[in-house]
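Novice: Prediction below, plus the sequence it came from.
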Amino acid sequence: MTKSTRIVLLAFLLALVSAPAAFAQGATASSLAGTIVDKDGGVVPGVTVVAKNDATGVVSNTTSNSSGVYSFPTMEPGTYTVTISLQGFKKVEIKGVRLLGGTPANTGKTILEIGALSETVEVKGATDVVRTQSPTVTSTVSTEFISSLPRGDRNALSFLIFLPGVQTNGGAQNSRSSTIAGLPQNTINIAIDGINTGNNLQSTDGFFTLVTPRLDAVEEVSMSSAAAGADSSGQGSVQIRFVTRSGTNQFNTSVYDYFQHKALNSNSFFNEAAGLPRPRRTTQQYGGRVGGPIVIPGLFDGHGKAFFFFNQEESWTPNQTARARTVIRQTALNGDFTYNNASPTTVNVFALAAANGITTNNPDPTVTALLNKIRATESLGTVQQSATSPNTETFNYQIAVANKTHAPTGRVDVNLTPKHRLSGTYYWQRLLSTPDTLNTTDPSFPGFPAQAGQTSFRTTGSATLRSTFGANLVNEVLTGWQCHRLASSMTRARRCSPTRARTRMVMRFRSASV
């Protein structure tokens, strides 16, 4: 049994074992095609076409068919140099051919000129703007764009607001309220390397992902908004696909530190209206990435065959969140109750109770002590009174919040043979919030004991075996998971108890003709 046969049998076995699992969505591979003609426009069959990934050095070979068409049905996203050669004609090199994940590309017609094979015609790479191989409407944000545009956060989802058809309310920081082409938010499917990480169950979580892709870990993000192909598995009208960055044939590293301080910010309009000072808004995000060939000295040299990538990002964001509470006025606490705003009338409810023979006309001591304790916190903020609410007032204050995020990401790619590629990705994120203001578990008033923090563990991963069996047939086996464990810690209990856990396994076995 040959090595290729064993790989194919393993792919079928994995598909059968995981048949009950849900299907994954969104292929991340690309494809490349083109047509070769002579100077008179006649097609040229039997031409050797070589596509070389400029970053990894991985080479793919094919030949043009009887119609002069050549095709690479499965290619990793990246920049390629395409070399076209045939005895009796000048060699043609098309440089800078950019392939995007999940988007078929076509170099159009390449004209061969009669001459010696040693002569080379260099062409600047370009692919058709109009995709003739697929009706799918796709927009892509590449790593070049992500790197060149400064952002106030490092959430790769924030770059979706730059794509056509995206409507957002309040900018990227409110992306969960964003919509695409006016569609309901639960029609938006978000996937990382083919594994769904969005929340299609809630109509308000369109741009929410349990695992948030970080900027330095992402190669590109694409959005398909019409005529999605069979690889989308019918999971949502809009497909958003993230592709994890991979290693290259050279070792590359990057170290970064993003810092933002209160002194660099201005106060918000609502804080000014409430009389609150400028809140603390400190953000420090730092980390680094490294990628390259897998090399074990004396044992294995992965140049052009095996690659790794790793990114580690840490985030520390102590800040303050504004709160507005309704509290009782001191006059009402003394028993003076005012009613009828058009013609205000004030009565003392304790005196009224005594006048009507109610012997228990004193306030409950426990309730009085609690209300006095609440009023004692007003020195930590500002108080606003309104004539339309004569018995209550609004207490404005800011609560300190500490958020930490740990986000390592890894990827490994191995070319088992020229026709079989094995890839694996892994995201692990831990989020800590004290107190948890997102779910309003902060103290009801400053200094009150009842509060909770949140510790959230989120992971997702994928393993893909992609096999090319011919110029127009590709098989792909994709398996992966998503796991989320959320825990809250009550200050009094001093413990962490799990409150929600979710694990999802997905698998796809797909054949595609190009």
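Specialist: Everything's here; your move.

Novice: Surely residue 287 and residue 312 touch.
Specialist: Yes. Counting by Cβ atoms under 8 Å, residue 287 touches residue 312, with 4.9 Å between them. To be clear about C-beta, it is placed using only N, CA and C from the backbone, and glycine gets the same treatment.

Novice: can you list residues touching both of these two?
Specialist: Overlap of the contact sets of residue 287 and residue 312 (by Cβ atoms under 8 Å, 6 or more residues apart in numbering) consists of residue 407.

Novice: So for those two, which sits in the more crowded spot?
Specialist: Legend: neighbour count by other Cβ atoms under 10 Å for residue 287 and residue 312, higher for residue 287 (23 against 17).

Novice: got a pLDDT number for the more buried one?
Specialist: We note a pLDDT of 92 for residue 287 in this prediction.

Novice: Please name the bridge partners of it.
Specialist: residue 256, residue 313 (DSSP bridges).

Novice: and if you look at residue 243?
Specialist: Beta-bridge partners of residue 243, as defined by DSSP bridges: residue 220.

Novice: and if you look at residue 320?
Specialist: residue 400.

Novice: try the one 4 residues further on
Specialist: For residue 324, the beta-bridge partners under DSSP bridges are residue 396.

Novice: Distance-wise, check it relative to residue 221.
Specialist: 37 Å (Cβ to Cβ, to the nearest Å).

Novice: more crowded one of these two?
Specialist: residue 221 (25 against 14).

Novice: isn't the more buried one right next to residue 158, touching?
Specialist: No. Between residue 221 and residue 158 there is no contact under Cβ under 8 Å: 10.2 Å.

Novice: how about stretch 97-115: buried residues?
Specialist: By neighbour count on 16 or more other Cβ atoms under 10 Å, the buried set for stretch 97-115 is 97-107, 110-112.

Novice: Same list (those) but as JSON lines, adding secondary structure and pLDDT.
Specialist: Listed next are the buried residues of stretch 97-115 as JSON lines, based on DSSP: H, G, I helix; E, B strand; the rest coil; pLDDT from 0 to 100:
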{"residue": "97", "secondary structure": "strand", "pLDDT": "88"}
{"residue": "98", "secondary structure": "strand", "pLDDT": "85"}
{"residue": "99", "secondary structure": "strand", "pLDDT": "84"}
{"residue": "100", "secondary structure": "coil", "pLDDT": "79"}
{"residue": "101", "secondary structure": "coil", "pLDDT": "74"}
{"residue": "102", "secondary structure": "coil", "pLDDT": "69"}
{"residue": "103", "secondary structure": "coil", "pLDDT": "74"}
{"residue": "104", "secondary structure": "strand", "pLDDT": "80"}
{"residue": "105", "secondary structure": "strand", "pLDDT": "84"}
{"residue": "106", "secondary structure": "strand", "pLDDT": "86"}
{"residue": "107", "secondary structure": "strand", "pLDDT": "85"}
{"residue": "110", "secondary structure": "strand", "pLDDT": "88"}
{"residue": "111", "secondary structure": "strand", "pLDDT": "88"}
{"residue": "112", "secondary structure": "strand", "pLDDT": "88"}
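
Novice: Tell me which stretches of the protein form helices.
Specialist: Secondary structure of the chain by DSSP state H: the helices cover 3-17, 143-148, 269-274, 330-333, 349-355, 365-376.

Novice: Comparing those helices by mean pLDDT, which bottoms out?
Specialist: helix 3-17 - the lowest mean pLDDT of the helices of the chain, at a mean of 47.

Novice: Quick check, residue 107 in contact with residue 32.
Specialist: Yes. Using Cβ under 8 Å, residue 107 is in contact with residue 32, at 7.0 Å.

Novice: what residues are shared contacts of those two?
Specialist: Joint contacts of residue 107 and residue 32 (Cβ under 8 Å, 6+ apart) are 82, 97.
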